[in-house]
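> sequence unknown, structure follows:
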C-alpha cells in the first residue's frame, strides 16, 4: 500500500514526492500503487510531465497499452507546454512501441 502524503506536510514538493513514490512502487513491482501515486502527482501539478510518464510505465505493467499511449501523449504535451524540449528518447520510444503492440 502506498504511503500517505498529507498535503499540508509536503507543500509545493508534493508532486515530486508522489512522482518518486510512483517510481519506487514500480521498481518494487506494485504497478497499481505506482499508478495511483503518478495520478496523484499529476493532480497536484498538472504540468509535471514525469507524472504522466510514470503513469504510462505503470499502465504498461498493468497491460493497459492504449491508456499508456494516451498518458505518454499527455507527458509530451506537458513537457512542451513547460518549455522542455522533447526530442528522441529511448524510454519514450520503447514505451510507445510497447503501447502500440
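On my side now, so go ahead. These numbers come from a predicted model, not from an experiment.

> give the contact list for residue 16.
Contacts for residue 16 were tallied using C-beta atoms under 8 Å, 6 or more residues apart in numbering; they are 41, 48. Every residue, glycine included, has its C-beta placed from N, CA and C.

> Got phi/psi on it?
phi -70, psi -40 (degrees, to the nearest 10).

> can you check residue 30 too?
phi -110, psi 80.

> The biggest helix by length in the chain: which residues count as buried?
Scanning the chain for the helix with the most residues, using DSSP state H, yields helix 65-81. By neighbour count on 16 or more other C-beta atoms under 10 Å, the buried set for helix 65-81 is 65, 67-72, 74-76, 78-79.

> right, and out of those residues, which lies closest to residue 98?
Closest approach between the buried residues of helix 65-81 and residue 98, by C-beta to C-beta: residue 65, at 6.6 Å.

> Was I right to think that closest one contacts residue 101?
Yes. Between residue 65 and residue 101 there is a contact under C-beta atoms under 8 Å: 6.6 Å.

> can you pull out the helices in this structure?
7-10, 14-27, 31-44, 49-61, 65-81, 90-99.

> Pick the most buried one from those.
Stretch with highest mean neighbour count among the helices of the chain: helix 49-61 (a mean of 24; mean count of other C-beta atoms under 10 Å).

> gap between it and the chain center?
3 Å (C-alpha atoms, centre = their mean, to the nearest Å).

> Can you list the neighbours in contact with that helix?
By C-beta under 8 Å, 6+ apart, helix 49-61 touches 15, 18-19, 22-23, 25-26, 31-32, 34-35, 37-39, 41-42, 45, 65, 67-69, 71-72, 74-76, 78-79, 82, 84, 91-92, 95, 98-99.

> got the angle for that helix vs helix 65-81?
170 degrees (axes from the mean of the first three to the mean of the last three C-alpha atoms, to 10 degrees).

> Give me the angle between helix 49-61 and helix 14-27.
Using the same axes, to 10 degrees: helix 49-61 against helix 14-27 is 20 degrees.

> Quick one: work out the angle between helix 49-61 and helix 31-44.
Using the same axes, to 10 degrees, helix 49-61 lies at 150 degrees relative to helix 31-44.
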